[in-house]
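[1] show me the folded form of this:
(one chain, ligands or ions: 2)
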Amino acid sequence: MLVVMKHGAKPAEVDAVVRVIEEMGYEARPMPGAQRTAVGLVGNDGRVDSSRIEALSGVAQVIHVTQPYKQVSREWKPESTIVTIAPGVHVGGNEVVIIAGPCSVESEEQIVTAARMVRAAGAACLRGGAFKPRSSPYSFQGLGKKGLELLALARRETGLAVVTEAMDEAGAELVAEYADCIQIGARNMQNYSLLKFVGTLGKPVVLKRGLSATIHELLLSAEYLLASGNPNVILCERGVRTFDTVSRNMFDLTAIPIVQQLSHLPIIADPSHATGIRDKVIPMARAAVAAGANGILVEVHPNPERALSDGAQSLYPEQFEQLVGELRSIAAAIGRTITPAPQLTSAGATR
Ligand code: PEP
Ligand code: MN
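    Ligands and ions are numbered 1, 2, ... in the order given. Down below sits the predicted model:
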């Protein structure tokens, strides 16, 4: 439930609303706005009797949020949220943010080469996993902390903001230290204790849709992050598992406009894991931007044949460069722009 205060309501009136909400056994979240203040009521699992609150002075309107995901819904917050990953990198507004890089961080040479190449092609952020959720325990598991150090080095070299996955609480603390944005992977979308913890770290989060999660489940998982105090959440459509096996997953393009209608949070698309096949990544990346995605998360490797994970879906550098050019044209056709890559000067990387 959202209690919208009258324009010019006094602080004492807002305090009274907060007090009554707490007396009723719920949590109050005052949200001062440019025009007027609202007070969110959280902690309810069903409709709340609002008669006591409606009678308070200074209250303009009470809005019952009908969705089970409250703070994530557009009913709660009609204007789109813009998540700032790093200075100049804003996800959720008119810009399309390109996050690119290898599936895994493999070595200093590999990640720095990849970072230079994706920056030169026009990406604003670097991706690369240091903690890898692999289906087999015998597959490459990632370099761990060393991988994070290499990502930080690549950021110093290129100015790219870094997005990387955390799989558990200890890893999330480390990722928060080294990276600009914490990725919660598909396999952990419903790891609620991890979500509660990551929500307290004060870093932007990319939350990927689970392998067979519905859109409502994705939004409810995002609610965990917001309920733990983190409003900076970027959702990511990365394909879901269906009956068909011709591609790795089925890319749910419809999720983009559906999420944008149901939620104020930005949504990006990962055409790499969604398709699993290099040649299919390119058309789906184009389609995602045309559909209004706020960004693209795409795997690119300096030498895909030698990749330690997801080589088959990793773009060749030249393919990525061409793709960025195409995405620029598509974005322009719908009145958007691609977030510029950081500039390199003699003093170092800047935005
Ligand atoms: C990844 O981004 O490398 C990854 C493992 O993705 P997902 O969680 O979507 O499978
Ligand atoms: Mn991958």
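
[2] what score does the closest residue to ligand 2 within the stretch 251-351 of the chain have for pLDDT?
    Scanning the stretch 251-351 of the chain for proximity to ligand 2 using C-beta to the ion identifies Asp310 as nearest, at 3.7 Å. To be clear about C-beta, it is placed using only N, CA and C from the backbone, and glycine gets the same treatment. Asp310 carries a pLDDT value of 97.

[3] that one and Ile277 touch, don't they?
    No. Checked against C-beta atoms under 8 Å, the pair Asp310 and Ile277 is beyond contact range at 10.9 Å.

[4] when these two are compared, which one has more neighbours?
    Higher neighbour count among Asp310 and Ile277: Asp310, with 20 against 14, using other C-beta atoms under 10 Å.

[5] phi first, then psi, for the more buried one.
    Main-chain dihedrals, Asp310, degrees, to the nearest 10: phi 50, psi 40.

[6] ok, it - contacts?
    Residues in contact with Asp310 (C-beta atoms under 8 Å, 6 or more residues apart in numbering) are Cys103, Ser104, Ser272, His273, Gly276, Glu299.

[7] and the gap between the third one and ligand 1?
    Ser272 sits 8 Å away from ligand 1 when distances are taken as C-beta to the nearest ligand atom, to the nearest Å.

[8] go on, the fifth one?
    Here the distance between Gly276 and ligand 1 works out to 10 Å (C-beta to the nearest ligand atom).

[9] so what's that residue closest to, chain neighbours aside?
    Excluding the flanking residues, the one nearest Gly276 by C-beta to C-beta, 6 or more residues apart in numbering is Arg248, at 2.4 Å.

[10] quick one: secondary structure of the closest residue to ligand 1 within the stretch 251-351 of the chain?
    Closest approach between the stretch 251-351 of the chain and ligand 1, counting by C-beta to the nearest ligand atom: His273, at 4.2 Å. His273 falls in the helix class when you classify it by DSSP: H, G, I helix; E, B strand; the rest coil.

[11] residues contacting the residue nearest to Gly276?
    Gly239, His273, Ala274, Thr275, Gly276, Ile277, Gln313.

[12] hang on, the earlier thing: what pLDDT is listed against the residue of the stretch 251-351 of the chain closest to ligand 1?
    At His273, the model reports a pLDDT of 98.
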